[in-house]
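> return a 3D structure for these sequence lines:
(3 chains)
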Amino acid sequence: MILYVIAVGLSVTMGLMGFINLAHGVFAMAGGFILSYSMERFGVPFPLALVLAFASVSLGSIVLERLLYSRLYSAGELAQVLFTIGLIFVSIALARLVYGTLTAPVFLPDYLTGQVHILGRDFPAYRVFLIAFSAVLIFVLWFGVERTRWGAMVRAAVDHRGMAQSVGINTKRLFMLTFALGSGLAGLGGALGADILPVHWGYPLEHLVYFLIVVAVGGLGSLRGPFVAALLIGIADTACKYWVPELGAFLVYAATIGILLWRPLGLFGVRA
Amino acid sequence: MSGYVADPRIRWPEWLPWIVALAAFFLLPEYLALGARILIFILFALSLDLILGYGGIITLGHSAFFGLGAYTAGILSAKLGVNDPHLQLVAAAAAGAALGLATGAVILRTKALTLLMLTLAITAILLEVANKMSSVTGGADGLSGVQVNPLLGLFKFDLWGRTAFLYCLTVLFLGWLVVRRIIYSPYGAMLTGIRENTARMHAIGAPVYWRLVLVYTISGTIAGVAGALLTQVNQFVGLNVLGFEISGELLVMLILGGVGRIYGAFVGPAVYLVAQDYLAKQFPEYWYFGIGALLIVVVLFAPGGILGITDKCLSFFRPKSSARASAH
Amino acid sequence: MRLLKGLILVGFAFAASGAAAQTVKIGFITSYSGLNGNLGPYMERAVRLYIKLHQNELPPGVKIELITRDDTGPNPDKAKQLAQELIVRERVDLLAGVIFTPNALAIAPLATEAKVPFVIMNAGTSVISTRSPYIVRTSFTLWQSSYPLGQWASKKFKTAYTLVSDFGPGHDAEQAFTRSFTEGGGKVVASVRVPLQNPDFAAYMQRVKDARPDALMVFIPAGKTATAVMKNFSDLGLDKAGIRLIGPGDITTEEELPNMGDVALGATTVFHWSAAGDRPANKAFIAAWKKEYGANETPNFLSVGSWDGTALIFEAIKQQKGRLDPDRTMEIFKRWKFADSPRGPISIDPETRDIIQPEYLREVRRVNGQLANVELETLGTAVKDPWKELQKKK
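Numbering: from 1, shown residues only, chains lettered A, B, ... in the order given. Model (predicted):
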């Protein structure tokens, strides 16, 4: 489910803005580090640390967006891919320099550890929390995109930037805010997931494939898509490992190929 | 970008790389191991340039072909006892072609992100398979015990890497001839057309899809041969030949050199590997930083790579040929 | 006459000093960058610290030059290329280091062909030292820790479940443990091999829990994977279900213990060294480390392997007065005994060129507010690599 929170941010930037941001994992990593650092060094309580992760990564991403990303909005896909790969490399080197080679330690608050008894089976409390959180998040986001003015403006701007500008929508600022939201979500995802997907300097590359799979399978530009995809992939992966551990991650990739061939735009994709 | 306007005869500057390589062989005998590695990656980069620079297919999974070729050669020797280097090359080429055809036919119907994802997924699957089938591939420990008989019965692979270097040079030369032939043919012109304006190509009735599949297959074949070379030179195959890092590094090398022009594939790997050899020794932790920063700078300010920059420099000195220069 | 004697004496003096100016070049290959391998600094620091502290033991005029190279992780082709260059370009006298098994296996034929002694300071798969007569290993093998672990476990537990990473050392650990555990009367209810790159152990842990073994034997590479295993172990409630977590010491390495937190308490491991080991040589080693590198820094088992490996090299240098002949060096290596290792007395097995060392049973406990691997008992003082011993009997 962490995959979802991180991936929905990617779906937002890629789908709504049409920008292939492979460096999305960098924002997730940053969020994870911020959470760990603030909790360890400054004793910030967990919920506040999550907010902090979201906020600071959002703000940081705005800086990056203004300086670098905005130059490439109209460049070809190749340029975007290459640029973001370069960004990944730079960030992991920086992360290594600043934080060293160890992982960011995370200690969950007691009320989120242990097990929860539901319907006769024990479930790890934290994972239950994550699923619930993600469900709430999707609702909030859906509401925001479908029902508010802001959402309408974003959709208009993506559908036809020129037209949107001529009706007075400040597309530059809109994209900036959207990018900030997407990246902030990534930071939040990284922070939430820091316990399960350990945060360390190689994080963005290690999980790049998974983020991309969730987005591609779920469909660009959709919010439900990555959620469903993350659920599907998460369940399939876990089930596979439980029943047939010898196959490992094989099934996930095979399923991805199958789904993408059947539906090249992803399960819920709306635009190519 | 060279292509439909250029003359297919070999111009004299095109002999430069080979002269440099031969000079290196005689003057720098201690660097031949690095040299062989550069040659192998040049061949690999050529195969990527075919599909990326000329076909416009963005892939992050090219190591699938490289790794398949590497393992084919390795398994043939270590598990099946076939030590003849020529047979190993042929087998690797066939494997690369088969994979190229099979996957190309399937995934080239898609575009952009979906295509990218599929290339990644295919490579990931191959990596998993290699990892799991450790009785055949050696798994995470790698495949050792690869033996290569002396070339033509005479030339043994020696510690100094002399045989390896000349062998790779020869194979690269042949590969280069093939790639050049393709690019300067009407087929190559069509590829450029597909890359530049697919809709129009469809409109004039060109079978876009099959042309792309063909170039993908050829590219896979060449990449497979490059992989086999690596196995033969090292007499070992590790899982990293199928990894994402090699695909990413190759992309960086090609962009660095200049994509869409054959010699970018020569310059890029040479500069990258030499720099890595030197710099990564001094500052290993900062290597990724340097490469990332370089990539960003190149994308933002010098999309043509090193050769693009040299073109611009040269065009200052040759105002009359600006028509030719701008065709690049 | 006196002048002549004087001249002869002076001549001798000149000859002696002239012959003594020697540099021993060591080609050190380990992983500094790269995603899976960046534990290189733990090894290099140990080597340099040893050299610094023991410089005056070298014969007069002899210097050591350490040439380091980065293989960027488990990349055997790169490792082989680096080794080739070190041999051909830098003309090193010795090769040393190497974290990963595939890299060691790729370099082995070069060591044989060029006759360059190769001191392996980490890679732990048993078969490595058989690949070249010029290989000697000062680190450990998985059989050395997992075999005694199985023997001890068979007396305490009736059933066990094994979970290992799917690569050489993992297979070794699994086979070693299974063998001695079943020989001792225990039953291994099931075994699973998890992919090397996968951190999400929840599903596997659930399966283990459902099988209800008395103990879960785990081997995964040291580092963040170990932490993930620990967390999943407790998240899924295996500790509450009464399952004991055991394994070779790689699963509770010193630098990861702070990250694991209290979930690691009670984990029982078998290993050749622990920072908490109460030996004068160990205390001196750790104190010297902290003095040189900072009070917050601790060495780990890679450092110990490298430290002892350097001591081994020093022995060869001292005995040959800085002029290293490969075959003579190997003879010296084979006969080496070292009582002052931080792990206790160690030696090299002349038949297999592998290390003979003590193995300790340890448990993770809180000592002075910090988690440590407390050594409970010594399971063996001079444990040879059981895998090779068993091969001999065949």
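
> so what's the residue count around the residue nearest to C:Asp340 when sequence neighbours are not counted?
Among residues not flanking C:Asp340 along the chain, C:Ala281 sits closest, at 4.6 Å (CB to CB, 6 or more residues apart in numbering or on different chains). C-beta coordinates here come from the backbone N, C-alpha and C atoms, glycine included. Residues near C:Ala281, counting by other CB atoms under 10 Å in any protein chain shown, number 16.

> isn't there a strand covering C:Ala281?
No. Assigned with DSSP: H, G, I helix; E, B strand; the rest coil, C:Ala281 falls outside any strand and is helix.

> correct me, but it touches C:Ile346?
No. Counting by CB atoms under 8 Å, C:Ala281 stays clear of C:Ile346, with 10.6 Å between them.

> coming back round to it: could you pull up the contacting residues of the residue nearest to C:Asp340?
When contacts are counted by CB atoms under 8 Å, 6 or more residues apart in numbering or on different chains, C:Ala281 touches C:Asp340, C:Ser341, C:Pro342, C:Gly344.

> rerun that using 7 Å as the cut-off
Contacts here follow CB atoms under 7 Å, 6 or more residues apart in numbering or on different chains; on that basis C:Ala281 touches C:Asp340, C:Ser341, C:Pro342.

> before we move on, what about C:Glu292?
Contacts of C:Glu292 (CB under 7 Å, 6+ apart): C:Leu49.

> the same query, at a cut-off of 8 Å, please.
So C:Glu292 contacts C:Arg45, C:Leu49, C:Lys52 (CB under 8 Å, 6+ apart).

> now swap in B:Asp158 and tell me
Contact partners of B:Asp158, counting by CB under 8 Å, 6+ apart, are B:Ala164.

> now do the SS call for it.
B:Asp158 - assigned by three-state DSSP - is coil.

> tabulate the contacts of C:Ala281 (TSV), appending pLDDT and distance to C:Tyr32.
Putting the contacts of C:Ala281 into TSV (pLDDT from 0 to 100; distance: CB to CB, whole Å) gives the following:
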residue	pLDDT	distance to C:Tyr32
C:Asp340	87	29
C:Ser341	89	25
C:Pro342	90	24
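
> residues in contact with residue 89?
Using chain A. A:Phe89 makes contact with B:Tyr288, B:Phe289, B:Ile291, B:Gly292, B:Ala293, B:Leu295, according to CB under 8 Å, 6+ apart.

> not quite, go with chain C.
B:Glu30, B:Tyr31.

> now the helices: where do they sit in the stretch 101-250 of chain A?
A:125-142, A:149-159, A:161-166, A:171-193, A:203-206, A:208-218, A:224-243, A:250-262 (DSSP state H, counting those that start in this stretch).

> mean pLDDT and distance to chain B added to the ones you listed, as CSV?
Below are the helices of the stretch 101-250 of chain A laid out as CSV (pLDDT from 0 to 100; distance: least, CB to the nearest CB, whole Å):
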stretch, mean pLDDT, distance to chain B
helix A:125-142, 75, 21
helix A:149-159, 69, 15
helix A:161-166, 70, 18
helix A:171-193, 79, 15
helix A:203-206, 73, 7
helix A:208-218, 75, 4
helix A:224-243, 71, 12
helix A:250-262, 77, 5
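
> most neighbours per residue, which of those?
Comparing these on average neighbours per residue, with mean count of other CB atoms under 10 Å in any protein chain shown, the densest one is helix A:208-218 at a mean of 27.

> say whether chain C is contacted by that helix.
No. Helix A:208-218 stays out of contact with chain C when judged by CB under 8 Å from any CB of the partner chain, the minimum separation being 10.2 Å.

> and of the contacts of A:Phe89, the nearest to chain C?
Lowest distance from chain C to the contacts of A:Phe89 (CB to the nearest CB) belongs to B:Tyr288, with 6.6 Å.

> what about the helices in the stretch 101-250 of chain B?
Remark: helices assigned in the stretch 101-250 of chain B by DSSP H, counting those that start in this stretch are B:112-132, B:134-137, B:162-183, B:186-196, B:198-203, B:208-234, B:244-257.

> packed most tightly, which of those would that be?
Greatest average neighbour count among these goes to helix B:208-234 (a mean of 26), per mean count of other CB under 10 Å.

> can you check what angle separates that helix from helix B:186-196?
Per axes from the mean of the first three to the mean of the last three CA atoms, to 10 degrees, the angle that helix B:208-234 makes with helix B:186-196 is 110 degrees.

> for chain C, what are the nearby residues on the stretch 51-200 of chain B?
B:128, B:131-132, B:134, B:138-142, B:144, B:159-161.

> from those residues, which has minimum pLDDT?
Within these, pLDDT reaches its minimum at B:Leu159, with 68.

> residue ranges in the stretch 51-200 of chain C under the pLDDT threshold?
Within the stretch 51-200 of chain C, the segments meeting pLDDT under 70 span C:197-200.
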